[in-house]
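**Q** Structure for this input, please:
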Amino acid sequence: MKHLLETIGRHSAMLLVASIVVGIALPDLAELFRPLLAPAVYGLLALAMTRIDILAVRGHLRSPARIVLPLMWMNLALPLAIGAAVTTFAADLGASPGLIFALVLIASAPPITAASAISYLLGLDGALSLALLLIATALTPLVTPLMVHLWMSPDFAISPVALGLRLGLLIGGSWIVAFAVRRYFGRPGIERNQGVFDGLNVILLVVFAIGLMSGIGARFLADPAWFLTLVAIIFAITLGMTAVTTALFWRFSPRLAGTIGYATGFRNIALAIGALGGAVPADTWTMFAVIQFPIYLSPLMLGPACRWLLGRRSSFT
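**A** Alright, predicted model coming up:
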């Protein structure tokens, strides 16, 4: 079993692409996997928390400005600004409540769980990204329901209080499982079994990806122009939030600014969708699927920009 999991972990990229293709090509299978979305999100978060290196973030926790200011921007100022803009122009743009809900989630969710790993890959500060991820995730059961309460219509089908409770249970439960696993294996044991954890992670990602494609092929075929417009909007939002945040925190240093920008631009709305068991409006579900495109392409898209940022570092040291 250990060898099998390690083999699966080594072929993660191929298996993930294949699972997306399978989910689109076999819509009945994708629909069958859709109820497994919440357990998959739960497991992925628990695995991410299990493998966190707490020692790596302690240095940044001793510098409050590097944490508090980005979190205030990420969890308060930016969601308020985006929520105000969305609700102001929603009627003019013909946005459905499902689309508005998706945009509120994008603005208020924590960074993606892979933010730290991708930050290291891009040459950014993975430890800072990890610190922001941990604290922002802990704040999610408070921040996201607050923004839903502020910006969604009172008669919207999803209750902010219920959403907060579900998020709290999902995140709290994941951390309890992660704590138990860390206590059982210890840090050395986790490091010795990295391949096993990689394999488990890939299996959950495959389940997640197949279930995520439920109905997506049909929605594209029904209205390709509308679907591609959503893709363009998602790319504009994620890259826009990344660029604006990087510019805002440029004085910290280009490397730290790029790290904060990436954590801010690429948000983990899977937590909210998973907490709701996938029971969201169709437009929200479509946006949830589409937001994976810039996330998976981010290392390729942002690589040149990050190399430029790191090349500018000497101007500030």
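**Q** So Leu169 is in contact with Gly277, correct?
**A** No - judged on C-beta atoms under 8 Å, Leu169 makes no contact with Gly277 at a distance of 11.7 Å. From N, CA and C alone the C-beta is placed, and that goes for glycine too.
**Q** And stretch 271-279, what's buried?
**A** 271-276, 278 (16 or more other C-beta atoms under 10 Å).
**Q** I'd like the secondary structure assignment at Glu95, please.
**A** Wrong residue type there; residue 95 is Ala, not Glu. Following DSSP: H, G, I helix; E, B strand; the rest coil, the label given to Ala95 is coil.
**Q** Isn't it up against Ala85?
**A** No - shown here, Ala95 and Ala85 do not form a contact pair, counting by C-beta under 8 Å, at 11.2 Å.
**Q** Between the two, which is the more surrounded one?
**A** Ala95 (18 against 12; other C-beta atoms under 10 Å).
**Q** so what's the residue lying closest to that one once chain neighbours are set aside up against?
**A** Leaving aside its chain neighbours, Ala95 sits nearest to Val86 (7.2 Å; criterion: C-beta to C-beta, 6 or more residues apart in numbering). Counting by C-beta atoms under 8 Å, 6 or more residues apart in numbering, Val86 touches 95, 100, 103-104, 151.
**Q** from those residues, which would you call buried?
**A** By neighbour count, with 16+ other C-beta under 10 Å, these hold 95, 100, 103-104, 151 as buried.
**Q** List the buried residues for stretch 246-265?
**A** So stretch 246-265, judged by 16+ other C-beta under 10 Å, has buried residues 246, 248-250, 252-265.
**Q** out of those, which are inside strands?
**A** Secondary structure assignment by DSSP state E places none of the buried residues of stretch 246-265 in strands.
**Q** Which ones among those lie within helices?
**A** The members of the buried residues of stretch 246-265 that map onto helices under DSSP state H are 246, 248, 254-265.
**Q** tell me which strands and helices the helix or strand that contains Gly98 is in contact with?
**A** Take DSSP states H and E as the rule and Gly98 turns out to sit in helix 97-108. Counting contacts by 3 or more C-beta pairs under 8 Å, 6 or more residues apart in numbering; DSSP states H and E, helix 97-108 packs against helix 78-93, helix 126-151, helix 224-248, helix 282-290.
**Q** what helices or strands is whichever helix or strand comes after it leaning on?
**A** Using DSSP H and E, the next helix or strand after helix 97-108 towards the C-terminus is helix 115-122. Counting contacts by 3+ C-beta pairs under 8 Å, 6+ apart, helix 115-122 packs against helix 126-151, helix 254-265, helix 292-311.
**Q** do you know which of those lies nearest Ala218?
**A** Ala218 lies closest to helix 292-311 among the helices and strands packed on helix 115-122, at 17.4 Å (C-beta to C-beta).
**Q** can you give me how far the closest one is from the chain middle?
**A** 16 Å (C-alpha atoms, centre = their mean, to the nearest Å).
**Q** Which positions within it qualify as buried?
**A** Buried-residue list, helix 292-311, by 16+ other C-beta under 10 Å: 292, 294-296, 298, 302, 305-306, 309.
**Q** still on that earlier bit, any chance of the helices and strands packed on helix 115-122 in JSON lines, plus distance to Phe179 and mean pLDDT?
**A** Formatted as JSON lines, these follow (distance: least, C-beta to C-beta, whole Å; pLDDT from 0 to 100):
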{"stretch": "helix 126-151", "distance to Phe179": "13", "mean pLDDT": "90"}
{"stretch": "helix 254-265", "distance to Phe179": "23", "mean pLDDT": "92"}
{"stretch": "helix 292-311", "distance to Phe179": "27", "mean pLDDT": "81"}
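**Q** Ile216: which of those is closest?
**A** Of those, nearest to Ile216 by C-beta to C-beta is helix 292-311, at 10.1 Å.
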